[in-house]
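>>> Sharing a model prediction with you, sequence too.
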Amino acid sequence: MMAIMLHCGLRVSEVVNLRPSNINLTKGKLRVESGKGNKDRDLAIPEYLTDLLDSWRKKRPESNFFFSTLKGKKLSNRYLQQMVKRYAQKAGINKKVSPHTLRHTYGTQYYRQTKDIETLRRILGH
């Protein structure tokens with residue numbers, strides 16, 4: 001979940017609402033449905049992320065959601081926020097880290113590499 005936020009720039013709500021049908025690993029595409037502002041968007045999945053997502057697809061619980069509880073229920077936004085903070089602490093990061101930090105990092109890196117603010121705006125759903 002953290003990898004997809006960091007490498008695709010997804011919001012917490014977009015991650016917890018992802019459905020298996022939204023992810024096409026063969027084409028390397030991810031569909032974010034009705035994100036903020038009701039703007040559906042298609043994103044490219046970085047090649048290095050497809051193996052990770054495929055591995056998760058094979059072992060995840062049966063559910064309507066790509067990421068779910070062990071019983072297949074939808075994760076809460078708060079759970080994902082706490083998870084990011086927990087892993088930041090385990091990694092010895094003393095700064096405040098949140099899921100939005102991962103999204104912001106994605107946006108910053110994308111802009112530094114491309115200088116294409118318009119495409120970045122569309123990718124992030126603004």
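Here it is on my side, so go on. Residues are numbered from 1 along each chain as shown.

>>> Hmm, residue 66 is touching residue 24, no?
No - distance between residue 66 and residue 24: 11.9 Å, which falls outside the contact criterion (C-beta atoms under 8 Å). All C-beta atoms are positioned from the backbone trio N, CA, C, and that covers glycine.

>>> helices or strands next to the strand or helix carrying residue 119 in the packing?
Here residue 119, judged by DSSP states H and E, is contained in helix 117-124. Other helices and strands packing on helix 117-124, by 3 or more C-beta pairs under 8 Å, 6 or more residues apart in numbering; DSSP states H and E, are strand 41-44, helix 99-114.

>>> For residue 10, which of those is the nearest?
Evaluated with C-beta to C-beta, those place helix 99-114 nearest to residue 10, the distance being 6.9 Å.

>>> Centre of the chain to that closest one, how far?
Here helix 99-114 is found 12 Å from its chain centre; the criterion is C-alpha atoms, centre = their mean, to the nearest Å.

>>> That helix: which residues count as buried?
Within helix 99-114, the residues that qualify as buried are 99, 101, 102, 103, 106, 107, 110, counting by 16 or more other C-beta atoms under 10 Å.

>>> cool, stretch 54-70 as well?
For stretch 54-70, the buried set under the neighbour-count rule, 16+ other C-beta under 10 Å, comprises 60, 63, 65, 66, 67, 68.

>>> ok so, going back, can you tell which of the helices and strands packed on helix 117-124 is closest to residue 11?
Proximity to residue 11, assessed across those by C-beta to C-beta, is greatest for helix 99-114 (6.4 Å).
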